[in-house]
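I would like the atomic coordinates for the input below:
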Amino acid sequence: MMNRFSVHLKLFLKNPLLFCIVKLIKPIPYFAFLFHTSDYQNQVSFYFWFKQKILNIGDNKGAYWPVHSNSQVYDAKNIKVGVDAYPGIMKGCYIQGKGGIVIGDFTQIAPNVIIVSANHNLHDLRKHVPQKVLIGKYCWLGGGSKIMPGVSLGDFTIVGAGAVVTKSFSEGYCVIGGNPARKIKEIDPNECLRFEVKERFTGYVREKSKNP
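All right, here's what the predicted structure looks like:
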């Protein structure tokens, strides 16, 4: 109890206005993501949400998950993110969802990552050729890596920094790297931990219960 009081006191002394705002919005169901994601790798602050969804700094207001103001997300309506899996939450990312992107739970995405789901038509550059990108659960996309259209990555795929992934590794459980990316190492599925969180949010939205 004393520890919680100390945290609240520090917040109040640091920013009294923010402290009051957080207290006022706590009962509002929409803002549950602020108070029930302490066990997430990407816990989001009110300030982060306010810059994106209200001030629209970075022009990523349309994304229903946290996106850094220095990253760009296009065609967010075609992108489905899992729990604690937020493409663009780190700086310098370019996420293009024209052809559709699906990212599984707990996949982490480093700064400067590029995910592209449509490329230009070779014969008419005004047109795009959409190809869905599928990224499994518990993956890691290293800094500066690039995931190209049509790629499918299975669960527990680790993409090395700077890798250019032009083909699928649907089986997962591997480390890939290079340009073009190739399999560097296999990962033992028996040693992989499929951890969970207490409450499930896909971005700013609480996941609906699957129970009737």
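
ok, so what distance separates Met90 from Tyr47?
Separation of Met90 from Tyr47 (C-beta to C-beta, to the nearest Å) stands at 17 Å. Using the backbone N, CA and C atoms, a C-beta is placed for each residue, glycine as well.

Compare neighbour counts for the two and give me the winner.
Each of Met90 and Tyr47 has its neighbours counted (other C-beta atoms under 10 Å); Met90 has more, 21 against 11.

Find the residue at the geometric middle of this protein.
Of all residues in the chain, the one closest to the mean position by C-alpha atoms, centre = their mean is Tyr86, 1.1 Å from it.

I figured it was touching Tyr40, is that so?
No. Tyr86 lies out of contact with Tyr40 (C-beta atoms under 8 Å); the separation is 9.5 Å.

got a pLDDT number for Asp39?
pLDDT, Asp39: 92.

quick one: contacts for it?
Val197, Lys198 (C-beta atoms under 8 Å, 6 or more residues apart in numbering).

That one - that's part of a strand, no?
No. Counting by DSSP: H, G, I helix; E, B strand; the rest coil, Asp39 is not part of a strand but coil.

returning to that earlier point: contacting residues around the residue nearest to the centre of the chain?
With C-beta under 8 Å, 6+ apart, Tyr86 has these contacts: Asn42, Trp65, Pro66, Val67, Ile109, Gly203.

what about the closest residue to it other than its chain neighbours, neighbour count?
Counting by C-beta to C-beta, 6 or more residues apart in numbering, Trp65 is the residue found nearest to Tyr86 once chain neighbours are left out, at 4.7 Å. By other C-beta under 10 Å, the residues close to Trp65 number 27.

How about Lys77?
Count around Lys77 with other C-beta under 10 Å applied: 10.

quick one: it is in a helix?
Yes. The assignment for Lys77 (three-state DSSP) places it in a helix.

Verify the contact between it and Gly100 for me.
No. Using C-beta under 8 Å, Lys77 is not in contact with Gly100, being 9.9 Å away.

Surely the residue nearest to Tyr86 touches Val81?
Yes. When contacts are counted by C-beta under 8 Å, Trp65 is listed as touching Val81 (5.0 Å).

Low-confidence regions, this protein specifically.
Low-confidence regions of the chain, defined by pLDDT under 70, span residues 1-15, 17-19, 209-212.

how about 50 then?
1-2, 5, 7-8, 212 (pLDDT under 50).

ok so, going back, quick check: the gap between the residue nearest to Tyr86 and Val133.
Taking C-beta to C-beta, one finds Trp65 at 16 Å from Val133.

same deal with Tyr173?
19 Å.
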